[in-house]
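Student: A structural model of the following input is requested.
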Amino acid sequence: MANPIKRHSKSRRNMRRAHDFLKPVLASACPQCHAPKLPHHACPTCGTYKGKEVIPIEKAS
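Tutor: Next up is the predicted model:
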């Protein structure tokens with residue numbers, strides 16, 4: 001197995017790790033029920049997408 005010939009500096013290591021952080025989830029509010037939902041996804045609470053019901057949600061009675 002190959003080994004590095006020269007040691008990488010702390011600066012080079014930190015520059016490599018600069019993009020390893022986690023990005024926050026950007027949730028928007030559903031215009032129908034105002035529950036948080038992911039953009040460009042159907043609302044898991046009310047089942048609507050762009051004003052149309054795409055997922056039939058059974059209401060609890």
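
Student: what about the strands in the chain?
Tutor: Using DSSP state E, the strands of the chain run over residues 28-29, 36-37, 48-49, 52-53.

Student: So which bits of stretch 26-45 are buried?
Tutor: Along stretch 26-45, these residues count as buried under the neighbour rule (16 or more other C-beta atoms under 10 Å): 30, 37, 42-43. Placement of C-beta: from N, CA and C, glycine included.

Student: outside of it, which residues touch it?
Tutor: Contacts with stretch 26-45, where a contact means C-beta atoms under 8 Å, 6 or more residues apart in numbering, come from 25, 46, 48-49, 51, 54-55, 57.

Student: and the gap between Pro4 and Arg13?
Tutor: Pro4 is 12 Å from Arg13, where distance means C-beta to C-beta, to the nearest Å.

Student: repeat for Arg7
Tutor: Relative to Arg13, Arg7 is positioned 10 Å away (criterion: C-beta to C-beta).

Student: before we move on, the earlier item: Pro4 and Arg13: which is more packed in?
Tutor: Under the neighbour definition other C-beta atoms under 10 Å, Pro4 and Arg13 were set side by side, and Arg13 has more, 10 against 6.

Student: Worst mean pLDDT across the helices and strands of the protein, which element?
Tutor: Within the chain, judged by mean pLDDT, DSSP states H and E, the helix or strand with the poorest mean is strand 52-53; its value is a mean of 88.

Student: got a pLDDT number for the residue most central in space within the chain?
Tutor: Ranked by distance to the mean C-alpha position of the chain (C-alpha atoms, centre = their mean), the top residue is Val25 at 4.2 Å. At Val25, the model reports a pLDDT of 90.

Student: now Ser61
Tutor: The model reports Ser61 with a pLDDT of 54.

Student: for Asp20, same thing?
Tutor: Model confidence at Asp20, given as pLDDT, is 96.
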